[in-house]
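In: Provided below for reference: sequence and predicted model.
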Amino acid sequence: MEAKTVSISLTVAGAVLVVQTFFDVAPLGPWDSASFSRGVLGLAGLSCLYLAWYERTFGRFGIAPTVNRWKNPEDTWLSVVVFGLACLVMTRLLSLFDADGVAPEPAGLILALIGSLALFNGCYVWSITKGPLALDEEE
């Protein structure tokens, strides 16, 4: 029960910190730059959201989603690849349609990073479960 409470707390804190990046409410901070403070708080929020997702997905806290933690990597790798591609498409759409500057400037860069990491992870899992690096039954 305690892990669930921590996970919910991380989700709420992460959502609040990410949402604040869309508003100009961050303090100047020691670096005397409100936009930099907003970015730091937004990255902290993304980190909280990632930790909460990891705990919900794998049942324990951690950082690296290693293949041995996956329940069914032979089938779920495709979902990870699709998520990565969706993030990359959202990056492109953000660059095309955010003429008003609603999204923070580095949002596209962060989405591209998340999408690339997910895409590489999904391709790696495919390659070791069904692809050229898969172990044969004979081995």
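Out: Received it, and whenever you're ready, just let me know what you need.

In: So D136: helix, strand or coil?
Out: coil (DSSP: H, G, I helix; E, B strand; the rest coil).

In: That one and S127: what is the separation?
Out: 14 Å (Cβ to Cβ, to the nearest Å). Any C-beta I mention is one placed from the backbone N, CA and C, and that applies to glycine too.

In: just A34 next, same as before
Out: Taken as Cβ to Cβ, the span from A34 to S127 is 44 Å.

In: do E2 as well
Out: Taking Cβ to Cβ, one finds E2 at 38 Å from S127.

In: circling back: which of D136 and S127 has more residues huddled nearby?
Out: Counted by other Cβ atoms under 10 Å, D136 and S127 do not tie: S127 has more neighbours, with 13 against 5.

In: Is there a neighbour count for V81? I'd like the number.
Out: V81, neighbours per other Cβ under 10 Å, totals 18.

In: Please name every helix or strand in contact with the helix or strand harbouring it.
Out: Assigned by DSSP states H and E, V81 falls within helix 73-97. Applying 3 or more Cβ pairs under 8 Å, 6 or more residues apart in numbering; DSSP states H and E, we find helix 73-97 packed against helix 107-129.

In: so how far is the helix it packs on from its chain's centroid?
Out: 10 Å (Cα atoms, centre = their mean, to the nearest Å).

In: So for that helix, what gets flagged as buried?
Out: Using 16 or more other Cβ atoms under 10 Å as the test for burial, helix 107-129 gives 107-108, 110-112, 114-115, 118-119, 121-122, 125-126, 128-129.
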